[in-house]
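Enquirer: Sequence and predicted structure below; questions after.
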Amino acid sequence: MRTLRLMGIGGALAYRALFNWTTPAMYTGTLLAGPTFQLLFFAYLGRQLQVADDRFFIVGNAVLAASTACVFGGTMAVANERRYGTLGHVLLSPRSRTVVFWGRVLPYAGNGLLIAAFTLLMGVLLLGLRIPVTALPGLALALAAGSLACGFFGLALGALGLRFRDVWVVSNVSAALLLLLTGVNVPRDGLPDWMITVGQLLPITHAAEAARLLAAGRGLEAAAPALGRELLVGAGYAVLAALLLKVFEAESRRRASLETL
Amino acid sequence: MRTLRTLLIGTLLRAKHLSRSPFEVALALVIPLVQATLAVYLFRAGDEPHRLLEAAVGAGLMGVWASVLTGSGGAIQHQRFEGTLEIIMLTPRHPVLVVLPLTAATAVTGCYALVATLLWGRIVYGIPIDLAHPLAFGAATLACIAGLGMFGLLLASTFVLMRNANALANPLDYPIWLLSGMLVPISVLPAWTAPIAAVLPTTWGARALREATVGGPVWPSIGICLALGTVCLVLGAVLLKSFERRARAAATLALA
């Protein structure tokens, strides 16, 4: 119970304190308008090139919409502690840092889910996508799985912030690579094998696949394997983040570089 | 002559400043290549390999705009963070001569994106760089730098009053890419977007580059790009002066 409390309340407090985009203007501009424009761009490009139908781009970009909040949020959860000079206080805590930092992913994942749902709604309203009502619970599950996996991916990137000074380069480049490698905007059979392999190990890839199956009315049974793979990828990044945080924390204590910017 | 010198030295200084930031350099190096790769695979998947050069040029121009947008959004805010905004606004020259180099430098450095995407396409994907009008392509590139730099000034001028200019700048990448026809032809967009596209210097810059690449009347597009850029420059200068006065009166110039 205490662990759950630490994850819940600790995560919410950290979200409020460290997430720079919580102001209404930043939130609306960066997290709601940005992904909507991205969706429109790729949907119109797809229409012109006739690569795939609107559903492919709308659903794919809706799932990807969570990545901005989750990847950068996860990075902010660690890097901003350092920037604001509070990282030492967190690492001095007698509680498990793994639990503390895993807890921080939850609000970002919730936020990512909200943004993904909003972007999907925009796709429905602006481009006339039709989704079977029965698919909605499954879609919510797929968006949630994608957001959670992305949050842990962001946390793993944020952990690099304990070792490298400019972790924002890593998160910006990673966010751009998600656009290319997850098959959200290019059908994966058109990508080279190595890109497909890398994509399998990234968040969003399997969630987008599951969401597309669900939006096409294929049912939860058809989407379940992809959903399972997405959760597995998320769990993998959760473990990787915990390991990296532990290793880099020990190293930064040893090198006295904990708060070096 | 003094004005030109101020602009040139200011642009050079800002470009040097940007080159000292590992963050700016790394993003400027990598992101255009990712966009070019995405464009190449999309155009291949769409069975339009004959348009790959056009796609590479479009992706490069997207990179130039991304650089200008980030630079314009950050121009004022960065000076605020560094505590130098008040100092540069106190210079005896018109504020536009101080702020224009900040945005022009991002257009100049952003041109790397154009060169990089063309070379990336040639080396990695074997896309031949057969430009229909090579000379006009050079002229169109220069017009794009000038036009986008002046458009950037107009954006930056509105950011003097805003604490979170990024909030406005962040989502403006895709709409301008879309409306300007950098990858998606304007003809596939809803009709109501046409008047908006027509008044953007980016639309005419993109058209000039495309016409220089695949053939077409390049020079009228260059002329319109520069004319619209000049309108942005005049508007930006007026707004900058007015917003600067308001910020001085409200004592909010340095507040981040």
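Expert: Yes, it's here.
Enquirer: The residue lying closest to A:V167 once chain neighbours are set aside: neighbour count?
Expert: Excluding the flanking residues, the one nearest A:V167 by C-beta to C-beta, 6 or more residues apart in numbering or on different chains is A:G161, at 3.7 Å. For glycine as for every other residue, the C-beta is placed from the backbone atoms N, C-alpha and C. When neighbours are defined as other C-beta atoms under 10 Å in any protein chain shown, A:G161 has 27 of them.
Enquirer: And for A:V133?
Expert: When neighbours are defined as other C-beta under 10 Å, A:V133 has 6 of them.
Enquirer: separation between it and chain B?
Expert: In this structure, A:V133 and chain B are separated by 28 Å, where distance is defined by C-beta to the nearest C-beta, to the nearest Å.
Enquirer: ok, the residue nearest to A:V167 - contacts?
Expert: Residues near A:G161 by C-beta atoms under 8 Å, 6 or more residues apart in numbering or on different chains: A:75, A:78-79, A:82, A:167.
Enquirer: Among those residues, which one lies nearest to B:Q79?
Expert: When these are compared for distance to B:Q79 (C-beta to C-beta), A:A79 comes out closest, at 23.4 Å.
Enquirer: A:R165 is in contact with that closest one, correct?
Expert: No. Under the criterion of C-beta atoms under 8 Å, A:A79 lies out of contact with A:R165, with a separation of 9.7 Å.
Enquirer: more neighbours, the two?
Expert: Using other C-beta under 10 Å as the criterion, A:A79 and A:R165 rank with A:A79 on top: 27 against 14.
Enquirer: So the more buried one versus chain B, what's the distance?
Expert: Summarising the geometry, the distance separating A:A79 from chain B, computed by C-beta to the nearest C-beta, is 12 Å.
Enquirer: Just checking, which helix or strand succeeds the helix or strand hosting that residue along the chain?
Expert: For A:A79, the enclosing helix or strand under DSSP states H and E is helix A:54-83. Next along the chain after helix A:54-83, taking DSSP H and E as the criterion, comes helix A:87-91.
Enquirer: Average pLDDT for that following helix, rounded please.
Expert: Mean pLDDT, computed over helix A:87-91, is 81.
Enquirer: which other helices and strands contact that helix?
Expert: For helix A:87-91, the packing partners by 3 or more C-beta pairs under 8 Å, 6 or more residues apart in numbering or on different chains; DSSP states H and E come out as helix A:54-83, helix A:97-127.
Enquirer: Can you read off the backbone torsions of the residue of the stretch 1-150 of chain B found nearest chain A?
Expert: Shortest the stretch 1-150 of chain B-to-chain A distance, computed as C-beta to the nearest C-beta: residue-wise this is B:G46, at 2.9 Å. For B:G46, the backbone dihedrals (degrees, to the nearest 10) come out as phi -80, psi 10.
Enquirer: Flag every residue of the stretch 151-261 of chain A that's near chain B.
Expert: Proximity of the stretch 151-261 of chain A to chain B is assessed by C-beta under 8 Å from any C-beta of the partner chain, with A:166, A:168-169, A:172-173, A:176-177, A:179-180, A:185-187, A:190-191 identified as the residues in range.
Enquirer: How many residues are close by B:A105?
Expert: Each residue near B:A105 was counted by other C-beta under 10 Å, and the total is 26.
Enquirer: Over to it. Which of the three states is it?
Expert: Secondary structure for B:A105, judged by DSSP: H, G, I helix; E, B strand; the rest coil, is helix.
Enquirer: isn't it right up against B:I9?
Expert: No. Between B:A105 and B:I9 no contact is recorded; they are 11.0 Å apart, counting by C-beta under 8 Å.
Enquirer: who's in contact with A:R16?
Expert: The contact partners of A:R16, by C-beta under 8 Å, 6+ apart, come to A:T22.
Enquirer: same question, A:V184
Expert: Under the criterion of C-beta under 8 Å, 6+ apart, the contact list for A:V184 reads A:60-61, A:63-64, A:178, A:204, A:208.
Enquirer: Next one: it relative to A:F57, how far apart?
Expert: Taken as C-beta to C-beta, to the nearest Å, the spacing of A:V184 relative to A:F57 amounts to 8 Å.
Enquirer: And for A:L64?
Expert: For A:L64, the distance to A:F57 (C-beta to C-beta) stands at 10 Å.
Enquirer: can you pull the pLDDT of B:L172?
Expert: Turning to B:L172, the model gives it a pLDDT of 87.
Enquirer: what about it, how many neighbours?
Expert: Neighbour count for B:L172, taken as other C-beta under 10 Å: 20.
Enquirer: Let me see the ranges of the helices in the chain.
Expert: The chain I'm using is chain A. A:2-18, A:24-26, A:34-49, A:54-83, A:87-91, A:97-127, A:136-159, A:167-181, A:193-200, A:205-215, A:220-254 (DSSP state H).
Enquirer: sorry, should have said chain B
Expert: Using DSSP H, the helices of chain B run over residues B:2-19, B:22-45, B:52-82, B:85-89, B:95-125, B:134-158, B:165-169, B:173-179, B:194-198, B:201-214, B:218-249.
Enquirer: Now do the contacts for the residue nearest in space to the middle of chain A.
Expert: A centroid search over chain A (C-alpha atoms, centre = their mean) returns A:C150, at 2.6 Å, as the residue closest to the centre. Contacts for A:C150 (C-beta under 8 Å, 6+ apart) come out as A:66-67, A:70-71, A:74, A:109, A:112, A:203-204, A:234.
Enquirer: and with 7 Å instead?
Expert: In this structure, A:C150 makes contact with A:66-67, A:70-71, A:112, A:203-204, judged by C-beta atoms under 7 Å, 6 or more residues apart in numbering or on different chains.
Enquirer: Look up how far A:V124 lies from it.
Expert: 22 Å.
Enquirer: you'd agree A:V90 is up against A:N80?
Expert: No. The pair A:V90 and A:N80 fails to qualify as a contact (C-beta atoms under 7 Å) at a distance of 11.0 Å.
Enquirer: confidence score at residue 63?
Expert: You didn't pick a chain, so chain A it is. For A:V63, the pLDDT comes out at 95.
Enquirer: The intended chain is chain B.
Expert: The predicted structure lists B:G63 with a pLDDT of 88.
Enquirer: Count the residues that sit near the closest residue to it other than its chain neighbours.
Expert: With C-beta to C-beta, 6+ apart as the criterion, B:G63 has its nearest non-adjacent residue at 2.5 Å, and that residue is B:A113. B:A113 has 25 neighbours, counted by other C-beta under 10 Å.
Enquirer: so B:A113 touches B:V34, yeah?
Expert: No. In this structure, B:A113 sits apart from B:V34 without contact. The criterion is C-beta under 7 Å, and the distance is 11.0 Å.
Enquirer: how much space between the closest residue to A:V71 other than its chain neighbours and chain B?
Expert: The shortest distance from A:V71 to any residue other than its chain neighbours is 4.2 Å, reached at A:G154 (C-beta to C-beta, 6+ apart). Computed with C-beta to the nearest C-beta, the distance linking A:G154 and chain B is 17 Å.
Enquirer: is it true that A:G154 touches A:T75?
Expert: Yes. Applying C-beta under 7 Å as the test, A:G154 and A:T75 come out as touching, 5.6 Å apart.
Enquirer: the more surrounded of those two?
Expert: Neighbour comparison, A:G154 and A:T75: the larger count goes to A:G154, with 33 against 28 (by other C-beta under 10 Å).
Enquirer: residues touching that one, list them.
Expert: For A:G154, the contacting residues are A:70-75, A:108, by C-beta under 7 Å, 6+ apart.
Enquirer: Now render those as JSON lines, adding pLDDT.
Expert: Below are the contacts of A:G154 laid out as JSON lines (pLDDT from 0 to 100):
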{"residue": "A:C70", "pLDDT": "90"}
{"residue": "A:V71", "pLDDT": "90"}
{"residue": "A:F72", "pLDDT": "90"}
{"residue": "A:G73", "pLDDT": "88"}
{"residue": "A:G74", "pLDDT": "86"}
{"residue": "A:T75", "pLDDT": "86"}
{"residue": "A:Y108", "pLDDT": "92"}
